[in-house]
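A.B. asks: model this:
(2 chains)
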Amino acid sequence: MFKPFFSSRWIVLSCLFSSFAAYADVSLLNVSYDPTRELYQAYNPAFIAHWQKKTGETLKLQQSHGGSGKQARSVIDGLQADVVTLALAYDIDAIADKAGLLPKDWQSRFPYNSTPYTSTIVFLVRKGNPKQIKDWDDLIKPGVSVITPNPKTSGGARWNYLAAWGYAQLKTGSADKAREFVSKLFKNVPILDSGARGATTTFVQRGIGDVLIAWENEAFLALQEFGKDRFEIITPSRSILAEPPVAVVEKVAKAHNTLAVSQAYIEYLYSTEGQTIAAQNFYRPRAEIVAAKFANKFPKLELFTINQLFVDWRTAQKTHFDDQGVFDQIYLSTQK
Amino acid sequence: MHTLSVQTQSTAITEPRWVRYTLISITLIFLSLFLLIPLISVFTEGLRGGINKYFAAMVEPDAIAAIQLTLITAAIAVPLNLVFGVAAAWAIAKFEFTGKSLLITLIDLPFAVSPVISGLIFVLLFGLQGVFGEWLAASDIKLIFAVPGIVLATIFVTFPFVARELIPLLQSQGNDEEEAALVLGATGWQTFWHVTLPNIKWGLLYGVILCNARAMGEFGAVSVVSGHIRGLTNTMPLHVEILYNEYNFIAAFAVASLLAILALITLALKTFVEWRVQTQVLINDPDVAS
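C.D. replies: Now for the predicted structure:
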């Protein structure tokens, strides 16, 4: 769309500015997914200070954000990530399976399934809750327009889908009823954005839809950015415990000679400071002391895990999200 | 210039007045709806937080890194395509050889495929799982998700601009002047420098401007090979997307408006060059004007 122009004056200008670039001893690349931008913007300076104090080394931390699946694909294709912090375990499994850049049992390397912080799936509605949305059952009512991204491309969307499925299965005790529930839900979805942040923008900026199914952290952030006078968060009675995992990409870190600092980068996420920063950025902390301090910030609800209902991510992926999986069948039927 | 305006006036118009005015107003409404209003809104959104925030968005380190990378990429891609474009156009216009039409088709290829595919080609070739992936990794050469990959993708996408502009120009001029120069004892290089180049310079400049515009504005192909590392592999268009996704709308539109300013300058230059080309044609070939 834009047709910019180029002149020698700009080269001179850019040369002047090049002195701004900071030079550091070691640099570390954290490849992450969309909603963690603000979290790592806050965490990285804290870790740089911690590392400097501990070792005297000056670190430079680099960030890359995008849809979780797309980011995993980039790492598989050679994006030089020392650390990955993605939306779901399956994406890191893919890096282990397809590129062998880290061991297959990566998830046992750090506490709590290598997820230092958790989140859950909640609803964001417009102020005053005009459609009176209280729980999952209200989302399948006729005339309610639901915004959720595409589960084929977005990690967050897969959590949304599994949360809806799990709610229905636990309520009715039947997988068939759960499938029917999710089909009805997707009949109410007018647009499938490719990523979680895109779906939030659709709902918040473009004003489409009555309810956005979102990460709790993403919903809180939207509230903070766009004002409590415009939106409110509805926490359903029951939802999924969303565990966005972290891992050191061992092969890359070894080649960069950054294995120790990468390890420390992730370990520090579990420290009181790391946990506090996570909580301040609306992720539910694992450490009990920090969790107690932020208890009034996160509403209590019944949480089920993916292992409880769907065995594990590899299985859930295969059954629901791979080509010709349950989601494809459901989505085809809603298009008729 | 006068001859030009006379030429357009003299065209016979048979349509009734109301048809003309309807068509003109449809064009104007369409233009303002789809071009002017978005353009203005880019600037008003960027300036919404005041002039200080507007400029703060541009001197922020990541923005400067993005501007630098965009300029470096264009500074490498444009001269390379300039040399390639002149060579290819020269070869096609002045010589007969087998496979000539195939070469022309190949030059057009980047126009025909979607930029995203252009980016993916490089991932499939040079990515870790790609054809040359292992060799590159073993030799510790980083192409994809680094600056060289971005430059490569940009060169690929902007390949045809200069050549496509020059081929018809060189063909229409024929070989007479060059042959005369050679008969008078000029070397090949002298012929090119003193005879061919002066004849094609405005067309060449036009091609370079278009090539540069695309090099700086390219999004799709660059997005695929960039890896989106902040302050390292983000060009200006990618930086705009990142800022927008971070709810940083003022900064996003401020940087976008910088791209828009560059676009407007390009447009002005393009118009100037177009005008020069037209007058040049009229001077060289007075038959066209009459």
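A.B. asks: the stretch 51-200 of chain A: helices as residue ranges?
C.D. replies: Here the stretch 51-200 of chain A has its helices, by DSSP state H, counting those that start in this stretch, at A:68-76, A:89-94, A:111-114, A:155-172, A:175-187, A:196-204.
A.B. asks: quick one: closest of these to residue B:191.
C.D. replies: helix A:68-76 (49.6 Å; C-beta to C-beta). In this view, the C-beta of every residue, glycine as well, is placed from N, C-alpha and C.
A.B. asks: how distant is that closest one from the center of its chain?
C.D. replies: A distance of 13 Å separates the centroid of the chain from that of helix A:68-76, by C-alpha atoms, centre = their mean, to the nearest Å.
A.B. asks: need the residues that contact it.
C.D. replies: A:31-34, A:64-66, A:79, A:81, A:84, A:86-88, A:91-92, A:94-95, A:98-99, A:101, A:153-156, A:195, A:249, B:128-129, B:145, B:227 (C-beta atoms under 8 Å, 6 or more residues apart in numbering or on different chains).
A.B. asks: let me have the helices of the stretch 51-200 of chain A in a markdown table, extended by distance to residue B:233 and mean pLDDT.
C.D. replies: Converted to a markdown table, the helices of the stretch 51-200 of chain A look like this (distance: least, C-beta to C-beta, whole Å; pLDDT from 0 to 100):
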| stretch | distance to residue B:233 | mean pLDDT |
| --- | --- | --- |
| helix A:68-76 | 11 | 91 |
| helix A:89-94 | 21 | 94 |
| helix A:111-114 | 27 | 94 |
| helix A:155-172 | 22 | 95 |
| helix A:175-187 | 36 | 95 |
| helix A:196-204 | 19 | 89 |
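A.B. asks: mind putting those into JSON lines with mean neighbour count and distance to residue A:53?
C.D. replies: Listed next are those as JSON lines, based on neighbours: other C-beta atoms under 10 Å in any protein chain shown; distance: least, C-beta to C-beta, whole Å:
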{"stretch": "helix A:68-76", "mean neighbour count": "25", "distance to residue A:53": "30"}
{"stretch": "helix A:89-94", "mean neighbour count": "23", "distance to residue A:53": "30"}
{"stretch": "helix A:111-114", "mean neighbour count": "15", "distance to residue A:53": "23"}
{"stretch": "helix A:155-172", "mean neighbour count": "24", "distance to residue A:53": "34"}
{"stretch": "helix A:175-187", "mean neighbour count": "17", "distance to residue A:53": "49"}
{"stretch": "helix A:196-204", "mean neighbour count": "24", "distance to residue A:53": "34"}
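A.B. asks: still on that earlier bit, which of the contacts of helix A:68-76 are buried?
C.D. replies: Burial by neighbour count, 16 or more other C-beta atoms under 10 Å in any protein chain shown: within those this picks out A:31-34, A:64-66, A:79, A:81, A:84, A:86-88, A:91-92, A:94-95, A:99, A:101, A:153-156, A:195, A:249, B:128, B:145, B:227.
A.B. asks: in strands, which of these appear?
C.D. replies: Members of the buried ones among the contacts of helix A:68-76 lying in strands (criterion: DSSP state E): A:31, A:32, A:33, A:64, A:65, A:66, A:84.
A.B. asks: lowest-confidence entry in those residues?
C.D. replies: Among these, residue A:66 carries the weakest pLDDT, at 86.
A.B. asks: I'd say that one and residue B:227 touch.
C.D. replies: No - taking C-beta atoms under 8 Å as the definition, residue A:66 is not a contact partner of residue B:227, at 9.0 Å.
A.B. asks: per-residue pLDDT, residue B:256?
C.D. replies: 94.
A.B. asks: what about it, how many neighbours?
C.D. replies: 24 (other C-beta atoms under 10 Å in any protein chain shown).
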